[in-house]
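In: structure here, sequence nowhere to be found:
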Ligand SMILES: Cc1cc2nc3c(=O)[nH]c(=O)nc-3n(C[C@H](O)[C@H](O)[C@H](O)COP(=O)(O)O)c2cc1C
(Lines give C-alpha, C1' and ligand atoms only; values in the text may rest on other atoms or scores of the structure.)
Protein backbone atom coordinates (compact mmCIF):
# COMPACT_ATOMS: atom_id res chain seq x y z
CA UNK A 1 0.00 0.00 0.00
CA UNK A 2 2.76 2.45 1.01
CA UNK A 3 4.61 1.60 -2.17
CA UNK A 4 1.57 2.59 -4.23
CA UNK A 5 1.30 5.96 -2.47
CA UNK A 6 4.99 6.65 -3.04
CA UNK A 7 4.72 5.80 -6.73
CA UNK A 8 1.87 8.30 -7.08
CA UNK A 9 3.90 11.03 -5.38
CA UNK A 10 6.79 10.55 -7.79
CA UNK A 11 4.63 11.35 -10.83
CA UNK A 12 4.99 14.77 -12.41
CA UNK A 13 1.90 16.94 -12.32
CA UNK A 14 0.03 16.90 -15.62
CA UNK A 15 -2.02 19.49 -17.46
CA UNK A 16 -3.99 18.94 -20.65
CA UNK A 17 -3.49 21.76 -23.14
CA UNK A 18 -5.99 22.18 -25.95
CA UNK A 19 -5.40 24.45 -28.92
CA UNK A 20 -8.47 25.28 -30.97
CA UNK A 21 -8.88 27.42 -34.08
CA UNK A 22 -9.31 30.93 -32.68
CA UNK A 23 -6.67 33.45 -33.59
CA UNK A 24 -3.88 33.68 -31.01
CA UNK A 25 -2.21 30.28 -31.15
CA UNK A 26 0.72 32.06 -29.52
CA UNK A 27 -1.14 31.74 -26.19
CA UNK A 28 -1.11 27.96 -26.46
CA UNK A 29 2.52 27.91 -27.57
CA UNK A 30 3.64 30.11 -24.70
CA UNK A 31 1.59 28.04 -22.23
CA UNK A 32 3.36 24.86 -23.37
CA UNK A 33 6.75 26.56 -23.00
CA UNK A 34 5.99 27.92 -19.55
CA UNK A 35 4.57 24.60 -18.33
CA UNK A 36 7.75 22.88 -19.47
CA UNK A 37 9.77 25.44 -17.50
CA UNK A 38 7.59 24.58 -14.50
CA UNK A 39 8.27 20.85 -14.99
CA UNK A 40 4.60 20.10 -15.63
CA UNK A 41 3.85 17.18 -17.94
CA UNK A 42 1.77 18.48 -20.84
CA UNK A 43 -0.76 16.53 -22.88
CA UNK A 44 -1.56 18.40 -26.09
CA UNK A 45 -4.56 18.06 -28.37
CA UNK A 46 -5.04 20.40 -31.33
CA UNK A 47 -8.13 20.89 -33.46
CA UNK A 48 -7.90 20.92 -37.25
CA UNK A 49 -8.54 24.66 -37.27
CA UNK A 50 -5.79 25.02 -34.64
CA UNK A 51 -3.34 23.46 -37.10
CA UNK A 52 -4.55 26.05 -39.64
CA UNK A 53 -3.89 29.00 -37.36
CA UNK A 54 -0.42 27.58 -36.63
CA UNK A 55 0.32 27.84 -40.34
CA UNK A 56 -1.20 31.33 -40.66
CA UNK A 57 0.24 32.83 -37.49
CA UNK A 58 3.62 31.22 -36.85
CA UNK A 59 6.74 29.94 -38.56
CA UNK A 60 6.44 26.67 -36.64
CA UNK A 61 5.92 23.41 -38.46
CA UNK A 62 3.54 20.74 -37.12
CA UNK A 63 6.43 18.81 -35.57
CA UNK A 64 7.88 21.98 -33.96
CA UNK A 65 4.60 22.63 -32.17
CA UNK A 66 4.17 19.00 -31.14
CA UNK A 67 7.72 18.95 -29.75
CA UNK A 68 6.68 21.54 -27.14
CA UNK A 69 4.45 18.96 -25.42
CA UNK A 70 5.33 15.77 -23.57
CA UNK A 71 2.46 13.84 -25.15
CA UNK A 72 0.44 14.73 -28.25
CA UNK A 73 -2.92 13.03 -28.65
CA UNK A 74 -4.68 12.63 -32.01
CA UNK A 75 -7.87 14.71 -32.17
CA UNK A 76 -10.02 11.70 -33.02
CA UNK A 77 -8.63 9.43 -30.28
CA UNK A 78 -11.52 9.51 -27.81
CA UNK A 79 -9.98 6.42 -26.22
CA UNK A 80 -6.86 8.35 -25.15
CA UNK A 81 -5.80 8.55 -21.49
CA UNK A 82 -7.08 12.14 -21.15
CA UNK A 83 -10.56 11.04 -22.24
CA UNK A 84 -10.95 9.27 -18.90
CA UNK A 85 -11.56 10.82 -15.51
CA UNK A 86 -9.46 8.12 -13.89
CA UNK A 87 -6.36 9.59 -15.56
CA UNK A 88 -5.15 12.13 -13.02
CA UNK A 89 -4.42 15.69 -14.17
CA UNK A 90 -4.50 19.17 -12.68
CA UNK A 91 -7.09 20.01 -15.31
CA UNK A 92 -7.18 21.51 -18.78
CA UNK A 93 -6.33 24.79 -20.43
CA UNK A 94 -7.66 25.64 -23.89
CA UNK A 95 -5.57 28.42 -25.39
CA UNK A 96 -6.90 29.91 -27.52
CA UNK A 97 -10.49 28.71 -27.34
CA UNK A 98 -12.80 29.29 -30.31
CA UNK A 99 -16.49 29.93 -29.80
CA UNK A 100 -17.16 26.67 -31.65
CA UNK A 101 -15.16 24.69 -29.08
CA UNK A 102 -16.79 26.74 -26.30
CA UNK A 103 -20.23 25.81 -27.67
CA UNK A 104 -19.39 22.09 -27.71
CA UNK A 105 -18.20 22.21 -24.13
CA UNK A 106 -21.27 24.18 -23.03
CA UNK A 107 -23.62 21.71 -24.71
CA UNK A 108 -21.81 18.62 -23.43
CA UNK A 109 -22.15 17.11 -26.93
CA UNK A 110 -18.45 16.56 -27.50
CA UNK A 111 -17.28 15.32 -30.89
CA UNK A 112 -13.48 15.27 -30.48
CA UNK A 113 -10.87 14.40 -27.87
CA UNK A 114 -10.31 18.12 -27.30
CA UNK A 115 -13.84 18.78 -26.10
CA UNK A 116 -14.18 15.35 -24.44
CA UNK A 117 -11.11 16.11 -22.30
CA UNK A 118 -12.68 19.45 -21.34
CA UNK A 119 -15.90 17.70 -20.37
CA UNK A 120 -13.86 15.27 -18.25
CA UNK A 121 -12.22 18.19 -16.42
CA UNK A 122 -15.67 19.60 -15.60
CA UNK A 123 -17.20 16.30 -14.48
CA UNK A 124 -14.18 15.51 -12.29
CA UNK A 125 -14.41 19.02 -10.77
CA UNK A 126 -10.92 19.86 -12.00
CA UNK A 127 -9.76 23.20 -13.37
CA UNK A 128 -10.96 24.01 -16.88
CA UNK A 129 -9.68 27.37 -18.13
CA UNK A 130 -10.81 28.64 -21.52
CA UNK A 131 -8.97 31.53 -23.18
CA UNK A 132 -12.02 32.33 -25.30
CA UNK A 133 -11.20 34.67 -28.17
CA UNK A 134 -13.90 36.21 -30.28
CA UNK A 135 -15.24 39.72 -30.77
CA UNK A 136 -17.87 40.97 -30.85
CA UNK A 137 -19.93 38.40 -28.97
CA UNK A 138 -23.59 37.53 -29.53
CA UNK A 139 -25.98 36.38 -26.83
CA UNK A 140 -25.38 32.70 -27.66
CA UNK A 141 -21.62 33.08 -27.03
CA UNK A 142 -22.30 34.83 -23.74
CA UNK A 143 -24.86 32.20 -22.71
CA UNK A 144 -22.33 29.45 -23.46
CA UNK A 145 -19.73 31.22 -21.32
CA UNK A 146 -22.27 31.41 -18.49
CA UNK A 147 -23.11 27.70 -18.85
CA UNK A 148 -19.45 26.67 -18.68
CA UNK A 149 -18.95 28.96 -15.68
CA UNK A 150 -21.96 27.42 -13.93
CA UNK A 151 -20.42 23.98 -14.54
CA UNK A 152 -17.23 25.08 -12.78
CA UNK A 153 -15.12 26.24 -15.74
CA UNK A 154 -13.21 29.52 -15.86
CA UNK A 155 -13.65 31.83 -18.83
CA UNK A 156 -10.35 33.68 -19.08
CA UNK A 157 -10.24 35.68 -22.32
CA UNK A 158 -6.76 36.86 -23.34
CA UNK A 159 -7.39 40.48 -22.35
CA UNK A 160 -4.16 42.47 -21.95
CA UNK A 161 -3.23 44.39 -18.82
CA UNK A 162 -1.40 47.66 -19.37
CA UNK A 163 -0.36 48.49 -15.80
CA UNK A 164 2.62 46.22 -16.41
CA UNK A 165 3.85 48.60 -19.14
CA UNK A 166 4.35 45.85 -21.73
CA UNK A 167 7.22 46.44 -24.13
CA UNK A 168 5.61 44.41 -26.89
CA UNK A 169 3.35 41.55 -27.88
CA UNK A 170 5.47 38.96 -26.12
CA UNK A 171 5.14 40.76 -22.76
CA UNK A 172 1.37 40.94 -23.24
CA UNK A 173 1.15 37.24 -24.09
CA UNK A 174 3.45 36.26 -21.22
CA UNK A 175 1.36 38.18 -18.70
CA UNK A 176 -1.93 36.68 -19.91
CA UNK A 177 -0.57 33.13 -19.85
CA UNK A 178 1.00 33.64 -16.42
CA UNK A 179 -2.39 34.80 -15.08
CA UNK A 180 -4.01 31.71 -16.57
CA UNK A 181 -1.43 29.44 -14.93
CA UNK A 182 -2.27 31.22 -11.68
CA UNK A 183 -5.71 29.59 -11.97
CA UNK A 184 -4.02 26.19 -11.60
CA UNK A 185 -2.14 27.28 -8.48
CA UNK A 186 1.12 27.51 -10.42
CA UNK A 187 3.42 30.36 -9.50
CA UNK A 188 5.18 32.00 -12.40
CA UNK A 189 8.00 34.06 -10.97
CA UNK A 190 8.14 36.55 -13.84
CA UNK A 191 4.49 37.57 -13.32
CA UNK A 192 4.20 41.22 -12.36
CA UNK A 193 1.48 41.55 -9.74
CA UNK A 194 -0.31 44.75 -8.85
CA UNK A 195 0.86 45.93 -5.45
CA UNK A 196 4.09 43.95 -5.80
CA UNK A 197 5.70 46.13 -8.47
CA UNK A 198 9.43 46.65 -8.88
CA UNK A 199 11.51 49.40 -7.21
CA UNK A 200 11.25 52.77 -8.95
CA UNK A 201 7.66 52.41 -10.09
CA UNK A 202 5.23 55.22 -9.20
CA UNK A 203 3.88 55.06 -5.64
CA UNK A 204 0.14 55.35 -6.11
CA UNK A 205 -0.54 54.19 -2.55
CA UNK A 206 0.91 57.48 -1.26
CA UNK A 207 -1.50 59.50 -3.39
CA UNK A 208 -4.55 57.49 -2.38
CA UNK A 209 -4.19 55.77 1.01
CA UNK A 210 -6.31 52.68 1.44
CA UNK A 211 -8.20 54.25 4.36
CA UNK A 212 -8.74 58.03 4.31
CA UNK A 213 -6.49 59.81 6.81
CA UNK A 214 -4.18 56.85 7.36
CA UNK A 215 -0.81 56.18 5.83
CA UNK A 216 -0.65 53.12 3.67
CA UNK A 217 2.08 50.84 5.09
CA UNK A 218 3.38 50.25 1.56
CA UNK A 219 3.77 53.97 0.80
CA UNK A 220 7.31 55.32 0.63
CA UNK A 221 8.89 51.90 0.91
CA UNK A 222 11.02 50.24 -1.71
CA UNK A 223 7.73 48.74 -2.97
CA UNK A 224 8.94 45.28 -2.07
CA UNK A 225 7.05 45.59 1.20
CA UNK A 226 10.21 44.99 3.24
CA UNK A 227 9.64 48.06 5.43
CA UNK A 228 6.08 46.96 6.02
CA UNK A 229 7.36 43.66 7.35
CA UNK A 230 6.27 41.70 4.29
CA UNK A 231 8.44 39.11 2.59
CA UNK A 232 9.91 40.03 -0.79
CA UNK A 233 7.58 39.13 -3.68
CA UNK A 234 10.09 36.71 -5.14
CA UNK A 235 10.01 34.72 -1.90
CA UNK A 236 6.26 34.61 -1.46
CA UNK A 237 5.00 31.09 -1.66
CA UNK A 238 1.69 29.32 -1.54
CA UNK A 239 3.08 26.53 0.56
CA UNK A 240 6.32 24.61 0.75
CA UNK A 241 9.25 23.83 -1.54
CA UNK A 242 9.68 26.08 -4.53
CA UNK A 243 11.84 25.18 -7.50
CA UNK A 244 13.43 27.81 -9.72
CA UNK A 245 14.44 27.18 -13.28
CA UNK A 246 16.08 29.37 -15.88
CA UNK A 247 14.20 29.85 -19.11
CA UNK A 248 16.40 29.31 -22.14
CA UNK A 249 14.99 31.07 -25.20
CA UNK A 250 16.65 31.24 -28.55
CA UNK A 251 13.60 31.89 -30.71
CA UNK A 252 10.57 34.08 -30.27
CA UNK A 253 7.38 32.33 -29.21
CA UNK A 254 6.14 32.76 -32.78
CA UNK A 255 9.05 30.58 -33.95
CA UNK A 256 10.99 33.49 -35.46
CA UNK A 257 14.65 34.00 -34.58
CA UNK A 258 15.27 36.66 -31.96
CA UNK A 259 18.00 39.28 -31.91
CA UNK A 260 20.64 38.54 -29.25
CA UNK A 261 19.42 41.13 -26.74
CA UNK A 262 15.88 39.73 -26.83
CA UNK A 263 16.99 36.14 -26.28
CA UNK A 264 19.28 37.23 -23.42
CA UNK A 265 16.31 38.86 -21.74
CA UNK A 266 14.34 35.62 -22.04
CA UNK A 267 17.24 33.55 -20.76
CA UNK A 268 17.36 35.57 -17.57
CA UNK A 269 13.71 35.06 -16.76
CA UNK A 270 12.98 32.85 -13.77
CA UNK A 271 9.99 30.75 -13.01
CA UNK A 272 8.88 29.53 -9.67
CA UNK A 273 6.48 26.73 -8.89
CA UNK A 274 4.89 25.67 -5.71
CA UNK A 275 5.29 21.92 -5.85
CA UNK A 276 2.73 21.53 -3.10
CA UNK A 277 0.10 22.78 -5.53
CA UNK A 278 0.16 19.28 -7.00
CA UNK A 279 -1.76 16.98 -4.78
CA UNK A 280 -3.68 13.90 -5.71
CA UNK A 281 -6.81 14.72 -3.81
CA UNK A 282 -8.84 11.69 -2.88
CA UNK A 283 -12.07 13.19 -4.10
CA UNK A 284 -10.60 13.72 -7.56
CA UNK A 285 -9.78 10.06 -8.09
C1 LIG B 1 -7.02 32.72 -39.12
C2 LIG B 1 -8.28 32.35 -38.42
C3 LIG B 1 -8.67 33.04 -37.30
C4 LIG B 1 -9.82 32.70 -36.60
N5 LIG B 1 -10.13 33.38 -35.47
C6 LIG B 1 -11.16 32.97 -34.72
C7 LIG B 1 -11.40 33.57 -33.45
O8 LIG B 1 -10.69 34.47 -33.01
N9 LIG B 1 -12.41 33.08 -32.70
C10 LIG B 1 -13.19 32.04 -33.12
O11 LIG B 1 -14.06 31.62 -32.36
N12 LIG B 1 -13.01 31.47 -34.33
C13 LIG B 1 -12.01 31.90 -35.15
N14 LIG B 1 -11.77 31.31 -36.34
C15 LIG B 1 -12.75 30.34 -36.86
C16 LIG B 1 -12.54 28.96 -36.31
O17 LIG B 1 -11.27 28.45 -36.68
C18 LIG B 1 -13.63 28.03 -36.83
O19 LIG B 1 -14.88 28.40 -36.29
C20 LIG B 1 -13.36 26.59 -36.56
O21 LIG B 1 -14.44 25.81 -37.05
C22 LIG B 1 -13.17 26.33 -35.08
O23 LIG B 1 -13.01 24.95 -34.89
P24 LIG B 1 -12.37 24.37 -33.55
O25 LIG B 1 -13.15 24.95 -32.43
O26 LIG B 1 -12.58 22.89 -33.68
O27 LIG B 1 -10.95 24.71 -33.55
C28 LIG B 1 -10.64 31.65 -37.08
C29 LIG B 1 -10.25 30.95 -38.22
C30 LIG B 1 -9.09 31.29 -38.88
C31 LIG B 1 -8.69 30.51 -40.09
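Out: Thanks, I have the structure now. Just so you know, these numbers come straight off a predicted model, no measurement behind them.

In: who's in contact with stretch 126-142?
Out: Outside of stretch 126-142, the residues within contact range by C-beta atoms under 8 Å, 6 or more residues apart in numbering are 22-24, 27, 89-99, 101-103, 105, 118, 120-122, 145, 148, 152-158, 176, 180, 183-184, 284. Just so you know, the C-beta spots here come from the backbone N, C-alpha and C atoms, and that holds for glycine as well.

In: I'd like the next helix or strand past the host helix or strand of residue 26.
Out: Element membership of residue 26, judged by DSSP states H and E, is helix 25-37. Scanning forward in sequence from helix 25-37 by DSSP H and E, the next helix or strand is strand 41-46.

In: hang on, residue 19 packs against residue 94?
Out: Yes - using C-beta atoms under 8 Å, residue 19 is in contact with residue 94, at 7.4 Å.

In: ok, the nearest residue to residue 105 once chain neighbours are set aside to the ligand distance?
Out: In this structure, residue 105 finds its nearest non-sequential neighbour in residue 118, 4.7 Å apart by C-beta to C-beta, 6 or more residues apart in numbering. According to C-beta to the nearest ligand atom, to the nearest Å, residue 118 stands 11 Å off from the ligand.

In: can you show me the helices along the stretch 1-150 of the chain?
Out: Secondary structure of the stretch 1-150 of the chain (DSSP state H, counting those that start in this stretch): helices located at 2-10, 25-37, 48-57, 62-66, 99-107, 113-123, 139-150.

In: residues in contact with the closest residue to the ligand within the chain?
Out: Closest residue of the chain to the ligand, C-beta to the nearest ligand atom: residue 21 (2.7 Å). Applying C-beta under 8 Å, 6+ apart, we find residue 21 in contact with 47, 48, 49, 50, 52, 53, 98, 100, 101.

In: quick one: residues contacting the closest residue to it other than its chain neighbours.
Out: Distances taken as C-beta to C-beta, 6+ apart put residue 49 closest to residue 21, at 2.2 Å, once the chain neighbours are dropped. Residue 49 is in contact with 20, 21, 98, 100, counting by C-beta under 8 Å, 6+ apart.

In: if you set the cut-off to 10 Å instead, what comes out?
Out: When the contact criterion is C-beta atoms under 10 Å, 6 or more residues apart in numbering, the partners of residue 49 are 19, 20, 21, 22, 98, 100, 101.

In: what of residue 155?
Out: With C-beta under 10 Å, 6+ apart, residue 155 has these contacts: 97, 102, 128-132, 142, 144-146, 148-149.

In: mind doing that once more with 8 Å?
Out: Per C-beta under 8 Å, 6+ apart, neighbours of residue 155: 130, 132, 145, 148, 149.

In: distance to the ligand for these - can I get that in CSV?
Out: Formatted as CSV, the contacts of residue 155 follow (distance: C-beta to the nearest ligand atom, whole Å):
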residue, distance to the ligand
130, 11
132, 8
145, 12
148, 14
149, 18
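
In: and the furthest pair within the residues you listed?
Out: Largest separation among these by C-beta to C-beta: 132 and 149, giving 10.9 Å.

In: and for residue 98, the neighbour number?
Out: Neighbours of residue 98 under the rule other C-beta atoms under 10 Å: 23.

In: so it sits right up against residue 24, yeah?
Out: No - in this structure, residue 98 is not within contact of residue 24 by C-beta under 8 Å, at 9.9 Å.

In: residues of the stretch 51-200 of the chain that sit close to the ligand?
Out: When proximity is defined by C-beta under 6 Å from any ligand atom, the stretch 51-200 of the chain lies next to the ligand at 52, 53, 56, 98, 99, 100, 101, 133, 134.

In: which of the contacts of residue 21 count as buried?
Out: Neighbour-count burial (16 or more other C-beta atoms under 10 Å) applied to the contacts of residue 21 gives 47, 50, 53, 98, 101.

In: so where's the stretch 51-200 of the chain uncertain?
Out: Residue ranges of the stretch 51-200 of the chain with pLDDT under 70: 197-200.

In: mind listing the strands for it?
Out: Listed in chain order, the strands of the stretch 51-200 of the chain (DSSP state E, counting those that start in this stretch) span 71-72, 91-97, 127-132, 154-155.

In: okay, those strands in CSV with distance to residue 84 next?
Out: Converted to CSV, the strands of the stretch 51-200 of the chain look like this (distance: least, C-beta to C-beta, whole Å):
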stretch, distance to residue 84
strand 71-72, 14
strand 91-97, 13
strand 127-132, 16
strand 154-155, 22
